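>>> quick one, structure for this:
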Amino acid sequence: MLDERAIEFPSEGATLRGVLITPKQARSALPTVILAHGTSATLRMVAIEYARAFARRGFAALIYDHRNFGISAGEPRAEINPWVQCRGYLDALSCAESLPEVASDRLAIWGDSYSGGEVVVVGACDTRVKVVVAQCPVFGVSKPAVPVSEEAFAQIRSTLLSGAVVGTKETTTGPLPVVSSDQAGTPSLLAPVQAFRWFIEYGGRPGSLWVNRATRVIPPTPIPYSPFLCAPYLRAKTLFMVAPQDEMVHANYDIARSAFDSIPGEKEWYDIEDGHFGLLYHPSARFDEASAAQVRFLETALCS
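Prediction:
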């Protein structure tokens, strides 16, 4: 049995909202996983089922919607800015630290797809993060043009913590449909038919608050946003769950492997079948496989 209560916290001038899930009648502060969904998805589409799976195994789980999406506030609606979303994770960490249910020295962050890259950035930049779970993470079609260096990482960290992260017309894509069944007539932010099927099925469920529209903003920062450039500076224990047949071009399997290989600390690589979206179907055998593997890693990394 689980307890679920509404949670909210400020971030970038808006109120982010979500749910804190804990085992019923927990008697002590718990190791905690902070979760947010990927591109445009909302917490009640599927990510909340991962949060519940973790809570059933004795963790607290704080899951929230990114700024501008779902139950969270923020304008303009449906705008994706990776720096702003990473700052949301930082503020979620601060919120979690203040909660009596949470063991503040045992914090993990979880991300899927686009947020799977964001948790690598946040984990590298904030030592409060002890564990990172990156599910089908987005590291790009190819390695970034900027070489890996301490100077580049220091600039990324500075931008994340206090830099200007406002987009320009030249660095903005959209607004566009998130998915479309007719790429020739109505191109969308995400092109594969697998993306269309998953978003329409889960986003169309009552109460999801998902909208089939998004704008992606990549602000013109001194060093471009790049999880790849942060990976070599990630000291948290890290699980990469990656699909060899990933349909999303920006979730390139080989680039994710290269990023993983550069991580200096304790880490685990897990291949998952059925592409980018297979583990996002709930209930399903693939969801059960993915959540069980993640629970095992979290138990070892946060509880031993």
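>>> E299 looks like it's in a strand, true?
No. Counting by DSSP: H, G, I helix; E, B strand; the rest coil, E299 is located in no strand; its state is helix.
>>> the closest residue to it other than its chain neighbours: neighbour count?
Distance criterion CB to CB, 6 or more residues apart in numbering; nearest residue to E299, sequence neighbours excluded, is R57 at 7.0 Å. Every C-beta, even on glycine, is put in place using the N, C-alpha and C of the backbone. Around R57 there are 15 other residues, counting by other CB atoms under 10 Å.
>>> also K24?
Using other CB under 10 Å, K24 has 9 neighbouring residues.
>>> so which residues of the stretch 1-150 of the chain form strands?
Per DSSP state E, counting those that start in this stretch, the stretch 1-150 of the chain carries strands over the ranges 2-11, 14-23, 30-36, 60-64, 79-80, 102-112, 129-135.
>>> output these in a markdown table; the columns should cover mean pLDDT.
Formatted as a markdown table, those follow (pLDDT from 0 to 100):
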| stretch | mean pLDDT |
| --- | --- |
| strand 2-11 | 98 |
| strand 14-23 | 98 |
| strand 30-36 | 98 |
| strand 60-64 | 98 |
| strand 79-80 | 98 |
| strand 102-112 | 98 |
| strand 129-135 | 98 |
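>>> could I get those strands as CSV with mean neighbour count?
Formatted as CSV, the strands of the stretch 1-150 of the chain follow (neighbours: other CB atoms under 10 Å):
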stretch, mean neighbour count
strand 2-11, 15
strand 14-23, 20
strand 30-36, 26
strand 60-64, 27
strand 79-80, 22
strand 102-112, 23
strand 129-135, 26
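>>> circling back to that earlier point, quick check: the residue nearest to E299 touching Q294?
No. Applying CB atoms under 8 Å, one finds R57 not in contact with Q294, separated by 9.8 Å.
>>> and H66, how close does it get to C136?
Look at H66 and C136: by CB to CB, to the nearest Å, they are 17 Å apart.
>>> do the same with F196
F196 sits 17 Å away from C136, taking CB to CB as the criterion.
>>> quick one: which of those two has more around it?
C136 (29 against 20).
>>> quick check, pLDDT for the more buried one.
At C136, the pLDDT value in this model is 98.
>>> likewise for A26?
80.
>>> for burial, what's the neighbour tally of M1?
Using other CB under 10 Å, M1 has 7 other residues around it.
>>> now do the phi/psi pair for the closest residue in space to it that isn't next to it in sequence.
Distances taken as CB to CB, 6+ apart place K24 nearest to M1, at 4.1 Å, with adjacent residues excluded. The phi/psi pair for K24 (degrees, to the nearest 10) reads phi -60, psi 130.
>>> return the residues in contact with K24.
Taking CB atoms under 8 Å, 6 or more residues apart in numbering as the contact definition, K24 lies against M1, L2, D3.
>>> pLDDT value on the residue sitting furthest away from the middle of the chain, please?
What lies farthest from the middle of the chain is G185; by CA atoms, centre = their mean that is 30.5 Å. In this model, G185 is scored at 95, pLDDT.
>>> which residues of this protein score low on pLDDT?
Scanning the chain for pLDDT under 70 picks out no residues.
>>> which parts of the protein are helices?
Ranges of helices within the chain are 47-56, 82-97, 114-125, 150-162, 193-203, 227-230, 253-262, 285-303, based on DSSP state H.
>>> which strands and helices lie in contact with the second one?
Going back to what we said before, that points to helix 82-97. Under the contact criterion of 3 or more CB pairs under 8 Å, 6 or more residues apart in numbering; DSSP states H and E, helix 82-97 touches strand 2-11, strand 14-23, strand 30-36, strand 60-64, strand 102-112, helix 114-125, helix 150-162.
>>> would TSV of those with distance to C95 be doable?
Formatted as TSV, the helices and strands packed on helix 82-97 follow (distance: least, CB to CB, whole Å):
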stretch	distance to C95
strand 2-11	4
strand 14-23	8
strand 30-36	9
strand 60-64	7
strand 102-112	9
helix 114-125	14
helix 150-162	17
